[in-house]
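**Q** Return a 3D structure for these sequence lines:
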Amino acid sequence: MTARPQITDLYAECASPDSIRVQITKARAARDRWQRHVDALTRLLDTRLAQIDAGAWPTVVPEEPTR
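**A** Next up, the predicted model:
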């Protein structure tokens with residue numbers, strides 16, 4: 001994910017309505033990507049907490065017997 005671009009004084013003074021609309025579209029797309037990222041992390045957290053409650057996480061790999 002990229003950092004939020006700054007609105008410069010020059011842009012604020014000179015940007016056309018179409019240019020502003022394009023930037024709004026880009027900002028909304030970035031917001032939606034971040035929201036999908038947050039949603040995926042939330043689902044992962046819910047899954048992990050359920051695994052912990054069920055005693056299934058962390059998984060323990062049995063040690064191989066020594067010879």
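**Q** okay, CA-based contacts and neighbour counts for the rest of this
**A** Noted.
**Q** And the helices in the chain?
**A** Remark: helices assigned in the chain by DSSP state H are 9-14, 17-53.
**Q** Show me the shaky parts of the protein.
**A** 1-2 (pLDDT under 70).
**Q** what residue lies at the spatial centre of it?
**A** His37 (2.7 Å; Cα atoms, centre = their mean).
**Q** and the gap between that one and Thr59?
**A** From His37 across to Thr59, the span is 25 Å (Cα to Cα, to the nearest Å).
**Q** what's near enough to touch Ile52?
**A** Residues near Ile52 by Cα atoms under 8 Å, 6 or more residues apart in numbering: Pro58.
**Q** Please state the backbone phi and psi of Pro58?
**A** phi -70, psi 150 (degrees, to the nearest 10).
**Q** burial measure for it, as a count.
**A** Neighbour count for Pro58, taken as other Cα atoms under 10 Å: 9.
**Q** same deal with Ala27?
**A** 14.
**Q** can you tell me how far it sits from Trp34?
**A** 11 Å.
**Q** Thr59 too?
**A** Distance of Thr59 to Trp34, computed by Cα to Cα: 30 Å.
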